[in-house]
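K.L.:
Curious how this folds, go ahead:
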Amino acid sequence: MRRNHKSVQSKDENNAEAEKSEVVAFKPGFFVPVHPLLMIVICYGLYLTFCSTLCPSSCLPSFLPLASLASSLGTSYPLPMAILGATAAILHLGEAAYTFHLTHFRYKFRPLTVALWTGNVLLGGIFGLWVLLFPRAFWTIAQVYCKIPASFCYNL
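P.N.:
Residues are numbered from 1 along each chain as shown. Just a heads-up that it's a prediction; the model follows:
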């Protein structure tokens, strides 16, 4: 009996491995951009971070929200802000490069769709990449997610 238990267990492990390696099929024009409001917040945060890193006293006009905070952080703590800015740049560029690889070579999307996904993730970071990283999770909520006002889902 013990021998049968092991063979059943190994069959279950093989099925689990097959499910993990299975690629979820997307249409060649599939595209889900980051929600526009979230994209604005992310881009503004990146702007504040990079300006406080590169030119904290001259690039940030005082009338912008949080600009004075970013400017003071950049002048008072230049090394931590430089580390934060470099980390943000490296993460966004790395995620965009991975997205290009994923959409072009693994999912075989059209060239325009590859460019859209790459730009989307370059600006939106993980908030744009999660759809490609966790497609089953996206498909379980796609009907609700795509009905959120100002959300867009193309070629589902």
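K.L.:
alpha carbons only for contacts and neighbour counts from here, please
P.N.:
Fine.
K.L.:
which sections of this protein are below the confidence cut-off?
P.N.:
1-24 (pLDDT under 70).
K.L.:
What are the neighbouring residues in contact with the residue positioned nearest the centre of it?
P.N.:
In the chain, the C-alpha nearest the mean C-alpha coordinate belongs to I126, at 2.3 Å (CA atoms, centre = their mean). Going by CA atoms under 8 Å, 6 or more residues apart in numbering, I126 touches E95.
K.L.:
just the helices in this protein please.
P.N.:
2-21, 36-54, 67-76, 78-101, 111-124, 126-133, 135-145 (DSSP state H).
K.L.:
and the longest one, what does it pack onto?
P.N.:
Helix 78-101 makes packing contacts with helix 36-54, helix 111-124, helix 126-133 when contacts are defined by 3 or more CA pairs under 8 Å, 6 or more residues apart in numbering; DSSP states H and E.
K.L.:
what about the ones you listed, which gets the closest to A70?
P.N.:
Closest to A70 of the helices and strands packed on helix 78-101, according to CA to CA: helix 36-54, at 5.4 Å.
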